[in-house]
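Asks: structure of the sequence below:
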Amino acid sequence: MTRILRPTRRSVLAGSAAFAATLAMPAISRAASRPIFTHGVQSGDVDTSSGMIWTRTDRPARVMVEVSTTESFANARQLPSMDAVPGHDMAVKRLLQDLPSDQDIFYRFTAADLTDLNVTSEPLVGRFRTAPTARRDVRFAWSGDTAGQGWGIDEDGMRTYATMVRHTPDFFLHSGDTIYADGPMQDEVDLPDGGLWKNVVLPDEKRKVAETLDEYRGQWKYNMLDEHVRALNAQVPTFMQWDDHEVVNNWSASKDLTGDDRYSEKSVHVLAARAAQAFHEMTPLRITPAEPNRVYRKINYGPMLDVFFLDLRSYRGPNGASQESEINADSTILGSEQMAWLKRELTNSTATWKVIACDMPIGLVVPDGEKIEGVANKNDGAPGGRELEIAELLRFIKNARVQNTVWFTADVHYTAAHYYNPDKAQFQDFEPFWEFVSGPLHAGTFGPNALDATFGPELKFVKAPAEGQVNLPPSAGLQFFGLVDIDAQTQQMTVRLMDRADTELYSVTLDAKGASI
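Replies: Numbers count the residues shown, from 1 in each chain. Predicted coordinates for the structure are as follows:
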């Protein structure tokens with residue numbers, strides 16, 4: 001079994017250790033007939049006055065919600081109940097609104113069996129802190145890639161999550177590949193050093209590729225069987241975005257599965273629809289009424305930080321050579337609607353720092369066989385293919401005088417820091433900026449990838465497997481996350497690249513241009 005993590009919050013909550021120890025652990029019913037919360041709680045997309053919360057029951061149930069600013073739930077606000085029903089796999093989520101800023105928020109779920117409302121569960125509690133409206137220190141973590149390449153929940157569990165919790169971030173930014181729907185697991189894996197990896201928790205949904213809606217849901221429920229994941233979910237809001245493995249490896253609308261014998265369902269459109277439903281059911285991601293399955297969005301986290309989440313997956317053209325000389329249906333990766341939204345929101349942002357959370361790196365070559373899976377097209381020349389939209393965006397940021405943009409990403413299963421320097425670039429019409437890469441959280445480690453010179457990336461740091469080593473297991477220690485601190489006094493941003501043993505690998509402090517001290 002995995003070890004039970006008992007994390008604490010910041011010093012203001014140091015006296016609540018007993019409370020923290022019980023957060024988001026599945027309820028143990030005193031009566032077999034009582035409803036049970038099966039996968040803990042989650043929160044996400046928290047801003048200055050609101051935040052999403054989530055849970056799941058073991059049966060159809062009426063779920064009551066209370067919200068309070070104290071862990072004792074004195075003077076708690078009772079919200080209208082929600083029904084957990086089979087059509088959504090008994091998962092429920094809601095937006096908590098009208099919350100005070102910069103305040104710890106405690107929420108409590110209680111479930112009543114829909115067949116007998118007098119039969120109720122033990123309560124389940126989670127918490128988060130709302131964003132500030134005035135300057136204060138802000139810390140967030142980011143990484144990507146959970147439960148990939150056959151590496152699942154072993155005796156240690158997903159320990160990188162436990163390491164991140166110890167830093168008490170205000171939120172965790174999951175940069176994509178949040179599940180591996182295309183990555184079946186086995187009970188045991190022989191390791192190159194003669195050791196044995198054991199997936200001690202392995203339900204049937206993880207023994208094959210996901211095709212049905214229930215199988216996609218099962219990928220999410222699998223991750224939440226890990227003690228460390230549930231402990232983080234109970235105390236740290238997670239801001240989710242997706243990439244390819246939420247559906248199938250390297251997917252786009254043109255993905256051809258006819259030669260993949262693992263799939264009886266050959267339509268990537270059907271798979272993507274089922275995957276999107278599961279993604280939105282099983283995560284605390286806000287719903288956009290204009291486009292209910294939208295992943296791209298902006299979260300304002302106070303006067304010093306806006307986070308812009310991109311979606312490089314849903315609107316892309318087919319993977320190919322990516323050598324087009326104009327933006328068209330084949331070369332797009334952001335799409336016109338998302339591009340217009342991003343330009344508008346960046347222009348309107350008054351935050352000191354504009355964090356662009358991108359599910360793929362810009363300058364790293366990410367292949368798909370002989371095709372291009374990522375942005376960089378590996379020709380080191382003028383922008384072509386998918387690079388064209390990125391060039392347009394970078395030019396816009398410069399001309400609109402949008403300051404202090406920093407890019408955070410994952411995807412490539414190692415950690416690195418890149419500085420994009422127009423003086424070293426083939427395309428030079430942009431202001432210099434940083435891109436930080438992290439991950440995997442709990443998956444195979446690969447890399448490093450080649451850098452494309454189009455936007456002049458300078459490699460400032462990298463940690464990856466030694467040459468010839470691929471798909472290293474989490475037990476090899478090369479699991480990575482990043483920490484970002486924004487100082488209220490100076491408004492400087494410090495970025496640290498970390499490993500799961502909590503070793504600081506690299507650090508850099510960035511000054512905020514145009515910031516008034």
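Asks: could you pull up phi and psi at Ala351?
Replies: phi -70, psi 150 (degrees, to the nearest 10).
Asks: contacting residues for it?
Replies: By C-beta atoms under 8 Å, 6 or more residues apart in numbering, the contact set of Ala351 is 300-306. Using the backbone N, CA and C atoms, a C-beta is placed for each residue, glycine as well.
Asks: mind doing that once more with 6 Å?
Replies: Contacts for Ala351 were tallied using C-beta atoms under 6 Å, 6 or more residues apart in numbering; they are 305-306.
Asks: any idea how far it is from Gly51?
Replies: Taking C-beta to C-beta, to the nearest Å as the measure, Ala351 falls 18 Å from Gly51.
Asks: how about Ala410?
Replies: Noted for Ala410: a distance of 23 Å to Gly51, by C-beta to C-beta.
Asks: which of the two has more neighbours?
Replies: For Ala410 and Gly51, the more surrounded residue by other C-beta atoms under 10 Å is Ala410, and the numbers stand at 33 against 26.
Asks: quick check: chain neighbours aside, which residue is closest to the more buried one?
Replies: Ranked by C-beta to C-beta, 6 or more residues apart in numbering and with sequence neighbours excluded, the top spatial neighbour of Ala410 is Gly144, at 2.6 Å.
Asks: got the buried residues for stretch 72-90?
Replies: The neighbour-count check on stretch 72-90 (16 or more other C-beta atoms under 10 Å) flags 73, 76, 79, 81-82, 84, 88-90 as buried.
Asks: torsion angles phi and psi at Val229?
Replies: Dihedral angles (degrees, to the nearest 10) for Val229: phi -60, psi -50.
Asks: okay, now it: neighbour count?
Replies: By the criterion of other C-beta under 10 Å, Val229 has 29 neighbours.
Asks: how about the strands in the stretch 401-517 of the chain?
Replies: Using DSSP state E, counting those that start in this stretch, the strands of the stretch 401-517 of the chain run over 405-409, 415-420, 433-437, 457-463, 480-486, 493-499, 504-510.
Asks: export those strands as a markdown table, with columns for mean pLDDT and mean neighbour count.
Replies: Shown next, in a markdown table, are those (pLDDT from 0 to 100; neighbours: other C-beta atoms under 10 Å):
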| stretch | mean pLDDT | mean neighbour count |
| --- | --- | --- |
| strand 405-409 | 98 | 22 |
| strand 415-420 | 98 | 23 |
| strand 433-437 | 98 | 24 |
| strand 457-463 | 98 | 17 |
| strand 480-486 | 98 | 24 |
| strand 493-499 | 98 | 20 |
| strand 504-510 | 98 | 14 |
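Asks: now the helices for the stretch 301-450 of the chain?
Replies: Remark: helices assigned in the stretch 301-450 of the chain by DSSP state H, counting those that start in this stretch are 336-348, 387-399.
Asks: just those helices: most buried one?
Replies: Of all those, helix 387-399 carries the top mean neighbour count, a mean of 20, counting by mean count of other C-beta atoms under 10 Å.
Asks: element containing Ile53?
Replies: strand 51-57 (DSSP states H and E).
Asks: just checking, what packs against that strand?
Replies: Strand 51-57 is packed against strand 37-44, strand 91-96, strand 104-113, with contacts defined by 3 or more C-beta pairs under 6 Å, 6 or more residues apart in numbering; DSSP states H and E.
Asks: ok, which of those strands comes nearest Gly381?
Replies: strand 37-44 (40.4 Å; C-beta to C-beta).
Asks: show me what the closest one is packed against.
Replies: Helices and strands touching strand 37-44, as assessed by 3+ C-beta pairs under 6 Å, 6+ apart, comprise strand 51-57, strand 124-129, helix 227-235.
Asks: so which of those comes closest to Asn293?
Replies: strand 51-57 (15.5 Å).
Asks: strands paired with the closest one, and their directions?
Replies: Here strand 51-57 has these sheet partners by DSSP bridges: strand 37-44 (antiparallel), strand 91-96 (antiparallel).
Asks: report the distance from it to the chain centre.
Replies: 16 Å (C-alpha atoms, centre = their mean, to the nearest Å).
Asks: relative to strand 124-129, how tilted is that strand?
Replies: 160 degrees (axes from the mean of the first three to the mean of the last three C-alpha atoms, to 10 degrees).
Asks: buried residues of strand 51-57, list them for me.
Replies: Per 16+ other C-beta under 10 Å, strand 51-57 contains these buried residues: 51-57.
Asks: can I get the CA coordinates of the next helix or strand after it in PDB?
Replies: The first helix or strand that comes after strand 51-57 along the chain, using DSSP H and E, is strand 61-68. What follows is strand 61-68, C-alpha atoms only, in PDB (Å, rounded to 0.1, in the frame of the first residue of the first chain):
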ATOM      1  CA  ALA A  61     -26.800  10.600  -3.800                       C
ATOM      2  CA  ARG A  62     -27.800  14.100  -2.800                       C
ATOM      3  CA  VAL A  63     -24.600  16.000  -2.000                       C
ATOM      4  CA  MET A  64     -24.900  18.800   0.500                       C
ATOM      5  CA  VAL A  65     -22.300  21.500   0.600                       C
ATOM      6  CA  GLU A  66     -21.200  23.800   3.400                       C
ATOM      7  CA  VAL A  67     -18.700  26.700   3.100                       C
ATOM      8  CA  SER A  68     -16.900  28.400   5.900                       C
END
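Asks: what about stretch 293-312, start to end distance?
Replies: Chord length of stretch 293-312, first to last residue, is 14 Å (C-alpha to C-alpha, to the nearest Å).
Asks: and it, what's its mean pLDDT?
Replies: Averaged across stretch 293-312, the pLDDT comes to 98.
Asks: give me the contact list for that stretch.
Replies: Around stretch 293-312, the neighbours that count as contacts under C-beta under 6 Å, 6+ apart are 45, 47, 131-132, 135, 138, 241-242, 276, 288, 333, 338, 345, 349, 351-360, 486.
Asks: show the pLDDT at the spatially most central residue of the chain.
Replies: Nearest residue to the geometric centre of the chain (C-alpha atoms, centre = their mean): His174, 1.6 Å. Looking at His174, its pLDDT is 98.
Asks: does it touch Trp242 like I think?
Replies: No. The pair His174 and Trp242 fails to qualify as a contact (C-beta atoms under 6 Å) at a distance of 9.0 Å.
Asks: pLDDT weak spots in the chain?
Replies: 1-32, 516-517 (pLDDT under 70).
Asks: re the thing from before, what is the nearest of the buried residues of strand 51-57 to Thr509?
Replies: Ranked by distance to Thr509 (C-beta to C-beta), the buried residues of strand 51-57 are led by Gly51 at 29.2 Å.
Asks: so who does the closest one touch?
Replies: Gly51 touches 43, 96, 128, counting by C-beta under 6 Å, 6+ apart.
Asks: let's see that with 10 Å instead.
Replies: Gly51 is in contact with 43-45, 94-97, 99, 105, 107, 128-131, 171, 237, 284, 286, 299, counting by C-beta atoms under 10 Å, 6 or more residues apart in numbering.
Asks: can you pull up the bridge partners for it?
Replies: Leu96.
Asks: figure out which of the helices and strands packed on strand 51-57 is closest to Thr405.
Replies: strand 37-44 (23.0 Å).
Asks: follow-up on the earlier one: got the helices and strands packed on strand 37-44 as JSON lines, with distance to Gly439 columns?
Replies: Output for those, formatted as JSON lines (distance: least, C-beta to C-beta, whole Å):
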{"stretch": "strand 51-57", "distance to Gly439": "23"}
{"stretch": "strand 124-129", "distance to Gly439": "23"}
{"stretch": "helix 227-235", "distance to Gly439": "15"}
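Asks: to Tyr216, which of the ones you listed lies closest?
Replies: Smallest distance to Tyr216 across the helices and strands packed on strand 37-44 (C-beta to C-beta): 14.5 Å, for strand 51-57.
Asks: tilt between the closest one and strand 104-113?
Replies: Compare the direction of strand 51-57 with that of strand 104-113 by the same axes, to 10 degrees and you get 30 degrees.
Asks: only the C-alpha atoms, please, for strand 51-57, written as PDB.
Replies: Coordinates of each C-alpha in strand 51-57 appear next as PDB, following Å, rounded to 0.1, in the frame of the first residue of the first chain:
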ATOM      1  CA  GLY A  51     -13.200  28.600  -6.900                       C
ATOM      2  CA  MET A  52     -14.400  25.200  -8.200                       C
ATOM      3  CA  ILE A  53     -14.800  22.200  -5.900                       C
ATOM      4  CA  TRP A  54     -15.400  18.500  -6.800                       C
ATOM      5  CA  THR A  55     -16.100  15.100  -5.300                       C
ATOM      6  CA  ARG A  56     -17.600  11.700  -6.200                       C
ATOM      7  CA  THR A  57     -19.900   9.200  -4.400                       C
END
